[in-house]
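1. no sequence for this one, just the structure:
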């Protein structure tokens, strides 16, 4: 009896949760989840970093204008200190984004080595598939993608 009440209560809570979330479709949509967690390509990462840098530069300009306006009016020193701390945070974020962009452009040596190992493993897998008289079209596709990525990182 107690287990039945508990099970009923659990089912009610689950139904209420699904109504608030938007139904079971959202919970079982594996394609949307896979797309959300998909890795970004190097170009997408670069574009995202450039967009962040633009946003940070705009925020930095606005905060600097506010600081100079407050200093000209002999504004609240506490507010000026808060804005200067916020400006330091923005500049730190900009510095990190610029460093990430630099690493993306320079091609990390560890990443090159990782790609070399992946290429070697894929070539070995391809050879094994050829010996076993299996289709290696997917493996060839992965090899070509990895080679293209390696060329992009190398240059």
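-> Happy to help now that I have it. Because the structure is a prediction, the values reported are computed rather than measured. Numbering: from 1, shown residues only.
2. just the strands in this protein please.
-> Under the criterion DSSP state E, the chain contains no strands.
3. ok, residue 90 - how many residues close by?
-> Residue 90 has 20 neighbouring residues, counting by other C-beta atoms under 10 Å. Yep, even glycine has a C-beta here, placed from its N, CA and C like the rest.
4. okay, it: pLDDT?
-> Here, the pLDDT recorded for residue 90 equals 92.
5. isn't it up against residue 58?
-> No - between residue 90 and residue 58 there is no contact under C-beta atoms under 8 Å: 9.9 Å.
6. buried residues of stretch 94-105, list them for me.
-> 94, 97, 100-101, 104 (16 or more other C-beta atoms under 10 Å).
7. and stretch 45-62, by the same measure?
-> Result for stretch 45-62 [16+ other C-beta under 10 Å]: buried residues 49, 52-53, 56, 59-60.
8. return the subset of these lying in helices.
-> 49, 52-53, 56, 59-60 (DSSP state H).
9. tabulate those (CSV), appending pLDDT.
-> Below are these laid out as CSV (pLDDT from 0 to 100):
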residue, pLDDT
49, 87
52, 90
53, 91
56, 92
59, 91
60, 92
